[in-house]
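A.B. asks: based on what follows, work out the 3D shape:
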Amino acid sequence: MPIFELNRLVSYDDESLIAELRRVAALVGKPYLTAAAFNKHSKVNSTCIRRRFGKWHECLARAGLEYRYSSGSLPKRISGRPYTKEALINAGGNAGRGNW
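C.D. replies: Residues are numbered from 1 along each chain as shown. From the prediction side, this is the model:
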């Protein structure tokens, strides 16, 4: 017989939200815990967590998971053109000139 499990939290106090962050972090097998991955496995939306604790990296830090934060990926385009390896290498030298 299957075990019934609630698909939401019983309590939304700070300790319950932090426990949910830690529970989901243990489930996600990736080095970083993104808000999207959290939402996929969590019983509470990341928006609720962020409203309580601040920005996503602050939420993770509050749960002792700051090492699981990633600032995100680079944008896919610069000035309407896709990133190329050369553009990324030269980006530092051309900063502010807009000639890549």
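A.B. asks: name all residues that make contact with the residue nearest in space to the middle of the chain.
C.D. replies: Per Cα atoms, centre = their mean, the C-alpha nearest to the average position across the chain is that of T34, at 2.4 Å. Residues near T34 by Cβ atoms under 8 Å, 6 or more residues apart in numbering: S70. Where C-beta positions appear, they are placed from N, C-alpha and C, glycine not excepted.
A.B. asks: for the chain, name the helix or strand with the lowest mean pLDDT.
C.D. replies: strand 77-78 (a mean of 52; mean pLDDT, DSSP states H and E).
A.B. asks: what ranges do the strands span in this protein?
C.D. replies: 77-78, 81-82 (DSSP state E).
A.B. asks: got a pLDDT number for the residue nearest to the centre of the chain?
C.D. replies: pLDDT, T34: 94.
A.B. asks: swap in the one 10 residues further on?
C.D. replies: The per-residue pLDDT reported for V44 equals 96.
A.B. asks: for R97, same thing?
C.D. replies: In this model, R97 carries a pLDDT of 55.
A.B. asks: cool, and L74?
C.D. replies: pLDDT, read off for L74, is 49.
A.B. asks: same check, this time on P2
C.D. replies: 73.
A.B. asks: next one: phi and psi at it?
C.D. replies: With angles defined as degrees, to the nearest 10, P2 sits at phi -70, psi 150.
A.B. asks: counting contacts, what elements does the lengthiest helix in the chain pack onto?
C.D. replies: As assigned by DSSP state H, the longest helix anywhere in the chain is helix 14-27. Judged by 3 or more Cβ pairs under 8 Å, 6 or more residues apart in numbering; DSSP states H and E, helix 14-27 is in contact with helix 35-41, helix 46-53, helix 56-62.
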